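>>> got a predicted structure here, sequence first:
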Amino acid sequence: MDDANDDAAPYAVGYGKPPVHTRFKPGQSGNPSGVARNAKPVSLREAFLRAAVARADVPGVRAGSFDCSLMEALMMELFRKGIAGDQRAAKLLLELGREHLPRPQSDDPP
């Protein structure tokens with residue numbers, strides 16, 4: 001069909017059939033500005049690290065609240081639970097310490 005017949009004939013608007021006046025014109029893009037130049041995909045590791053170093057006010061640790069990273073706040077809560085007697089928290093803290101803290105050298109005093 002040519003455009004002259006489209007204008008004269010009634011057009012059923014529905015699923016997959018948008019109104020003629022709202023359709024993209026030939027050569028017109030649906031996203032004229034395109035993807036931003038500085039937009040790049042973020043890896044899971046990068047997203048985790050960004051969230052871990054984000055700053056927050058942590059209430060209840062001392063009088064009032066204080067500013068620290070979310071990772072520090074999480075570790076403080078884990079220590080608090082371990083000290084309060086939570087064996088799972090204490091076990092996790094010991095495992096994290098063994099894995100991430102430097103091991104003493106054999107010539108260092110205990």
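All right, it came through fine.
>>> the spatially most central residue of the chain is in what secondary structure piece?
Per CA atoms, centre = their mean, the C-alpha nearest to the average position across the chain is that of residue 47, at 5.3 Å. Assigned by DSSP states H and E, residue 47 belongs to helix 44-52.
>>> which helices and strands sit right next to that helix?
helix 70-83 (3 or more CB pairs under 8 Å, 6 or more residues apart in numbering; DSSP states H and E). Using the backbone N, CA and C atoms, a C-beta is placed for each residue, glycine as well.
>>> tell me what the helix it packs on is packed against?
For helix 70-83, the packing partners by 3+ CB pairs under 8 Å, 6+ apart come out as helix 44-52, strand 55-59, helix 87-100.
>>> adding mean pLDDT and distance to residue 30, write those out as CSV.
CSV is the format used below for the helices and strands packed on helix 70-83 (pLDDT from 0 to 100; distance: least, CB to CB, whole Å):
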stretch, mean pLDDT, distance to residue 30
helix 44-52, 90, 28
strand 55-59, 81, 39
helix 87-100, 93, 48
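>>> out of these, which is closest to residue 14?
Set against residue 14 and scored by CB to CB, those come closest in helix 44-52, at 40.6 Å.
>>> now do the contacts for residue 93.
For residue 93, the contact set (CB atoms under 8 Å, 6 or more residues apart in numbering) comprises 78, 79, 82.
>>> the helix holding residue 47: how far from the chain's middle?
Taking CA atoms, centre = their mean, to the nearest Å, the mean C-alpha location of helix 44-52 is offset from the chain mean by 7 Å.
>>> dump the helices and strands packed on helix 70-83 to a markdown table, plus distance to residue 71.
Formatted as a markdown table, these follow (distance: least, CB to CB, whole Å):
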| stretch | distance to residue 71 |
| --- | --- |
| helix 44-52 | 4 |
| strand 55-59 | 10 |
| helix 87-100 | 12 |
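>>> and these: which comes nearest residue 33?
Using CB to CB, the helices and strands packed on helix 70-83 put helix 44-52 closest to residue 33, at 24.9 Å.
>>> what separates stretch 40-57 from the chain centre, distance-wise?
With CA atoms, centre = their mean, you get 7 Å for stretch 40-57.
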